[in-house]
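from the sequence below, what's the structure:
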Amino acid sequence: MRIALSILLLALPLAAAKKPTPAQLQAQVKRLTEERDDLKQRLAATEALQQEVGNARKARDLARSEGEAARKELEQLRATLKENQGGGDAILKELQDAKQAVQEAKAETGRLRAQNESFQSKASAVPVEGDLVILGEEVQAARPINLNRVTPHIKASSLFAGRPKGVVVVNVLISEKGDVLASRLLQGLPGVSPEAREAGEACVEAAKHLVFDPATSKDGKTRFKVWQGVGFYLD
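Sure thing, here's the model as predicted:
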């Protein structure tokens, strides 16, 4: 009986200890409320931090996008500047070439004008003894003196080749004394055969040995220098 009573006496304080008092309950409620408020504050701070992080990421992405766009625009500007610079250099060179061409054209125009004035002056002037003139109404042509005695020496290209036949015309420069100063082929034999070429060369050489009564003025008082054609008849 004493043992049972002792157990009961021990159980009563334990039961009394397990049951909180009103003050303890209030303290516990206060502590829980504080913990709740602290968690709310932490949650709000975490949400604000997450929002700031999200905003920072958006700002970073926007900055990257703007930076990429700026880089592309810069590259385009550089390419455009390079292209414009190249085009500008080409235009500048064309302008310089055009200016040079204008200067050359002006110089050529001046030269031709002076030459034309010189020609006009000579044309309007009365030719004197020994002047080179063009055959016309006021000039009597030179007359060959020994044409029948001058024979072109033509070498046959082979034993079986015949003598070339036809007319060869040679242009000769006749001095005011009647001598031949120069000769050149004006019209050769038809074809391109060696015989035709040799005939032309022989006639040009033979023309150098011709003697003329020189070309003169219409009244026969002034002798001139002229270019005149001479024909050789080959048969």
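
tell me the domain ranges of this protein?
Taking automatic domain parsing as the reference, the chain has its domains at 1-125, 139-234.

most tightly surrounded among those?
For the domains of the chain, ranked by mean neighbour count under the definition mean count of other C-beta atoms under 10 Å, the leader is domain 139-234 at a mean of 16. Any C-beta I mention is one placed from the backbone N, CA and C, and that applies to glycine too.

chain center to it: distance?
Centroid separation between domain 139-234 and its chain, computed with C-alpha atoms, centre = their mean, to the nearest Å, is 51 Å.

pass me the low-pLDDT residue ranges in the protein, would you?
1-18, 119, 121-125, 156-162 (pLDDT under 70).

please identify the helix or strand for the closest residue to P164 other than its chain neighbours.
Excluding its sequence neighbours, the residue lying closest to P164 (C-beta to C-beta, 6 or more residues apart in numbering) is A199, at 4.3 Å. Taking DSSP states H and E as the definition, A199 sits inside helix 194-207.

check T216 too.
With DSSP H and E as the criterion, T216 is inside strand 215-217.

contact partners of that strand?
With contact meaning C-beta atoms under 8 Å, 6 or more residues apart in numbering, strand 215-217 is reached by 127, 133, 135, 138-142, 174, 176, 222-226, 228.

in terms of secondary structure, what does the helix or strand that it is followed by contact?
Toward the C-terminus, strand 215-217 is succeeded by strand 223-224 as the next helix or strand (DSSP H and E). Using 3 or more C-beta pairs under 8 Å, 6 or more residues apart in numbering; DSSP states H and E as the contact criterion, the secondary-structure elements in contact with strand 223-224 are strand 215-217.

partner strands of the strand it packs on and their direction?
In the sheet containing strand 215-217, its partner strands are strand 139-140 (antiparallel), strand 223-224 (antiparallel), by DSSP bridges.
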